[in-house]
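Q: how would this look folded up:
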Amino acid sequence: APKTKAQFGSVGRRIPHRILHVINQDGESLGQMHRAEALQLMDQHNLKLVLLRENAEPPVYRLMTGQQIHEEQLRRAEKKKASPKPGVYIKELSFSSTIAKNDFETKTKQIAQWIEKKYHVKVTIRQAK
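A: Predicted structure coming up:
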């Protein structure tokens, strides 16, 4: 199966690892424990287990409330939206409204070249005093 980016969220009770490093909902390490212990904690405190770092030894899981998971998912979605897509270059250019004609022509040529290269171009025109 192709390795896809793991969705952030509760792993429920499907924990492939026997020994886990567990972090509590306040972000404090509870150290290593057996999967059964982690599940018991999860049930006692009505929390969910989230896999943080799978390639750590042992893998790191965090106990979280549903609300914490929801907030983290929103944060991650925001971050994803904020970062420009790979391969998209954003070029920015700004000039004054009193720009000299030849400067203006130079800049328009530059913009045209960028657009040809499929760059996203952002132009700001400043109102001269």
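Q: look up how far residue 74 lies from residue 108.
A: Between residue 108 and residue 74 the computed distance is 41 Å (C-beta to C-beta, to the nearest Å). Bear in mind the C-beta positions are built from the backbone N, C-alpha and C, glycine included.
Q: no wait, residue 103
A: From residue 103 to residue 74 the distance is 45 Å (C-beta to C-beta).
Q: and what of residue 115?
A: Counting by C-beta to C-beta, the gap from residue 115 to residue 74 is 34 Å.
Q: and what of residue 127?
A: 37 Å.
Q: now do the SS call for residue 114.
A: Under the three-state scheme (DSSP: H, G, I helix; E, B strand; the rest coil), the conformation of residue 114 reads as helix.
Q: isn't it up against residue 91?
A: Yes - shown here, residue 114 and residue 91 form a contact pair, counting by C-beta atoms under 8 Å, at 4.8 Å.
Q: overlap in contacts of those two?
A: Listed as contacting both residue 114 and residue 91 by C-beta atoms under 8 Å, 6 or more residues apart in numbering are residue 121.
Q: what are the phi and psi values at residue 47?
A: phi -110, psi 170 (degrees, to the nearest 10).
Q: next, count neighbours for it.
A: Here the number of neighbours of residue 47 (other C-beta atoms under 10 Å) works out to 20.
Q: any regions of this structure where pLDDT drops low?
A: Within the chain, the segments meeting pLDDT under 70 span 1-7, 84-85, 87, 129.
Q: what are the structural domain limits within it?
A: Split into domains by the TED database, the chain comes to 19-82, 90-126.
Q: reformat those domains as CSV; add distance to residue 9.
A: Converted to CSV, the domains of the chain look like this (distance: least, C-beta to C-beta, whole Å):
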stretch, distance to residue 9
domain 19-82, 6
domain 90-126, 31
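Q: residue 10: which of those domains is closest?
A: Nearest of these to residue 10, taken as C-beta to C-beta: domain 19-82 at 3.6 Å.
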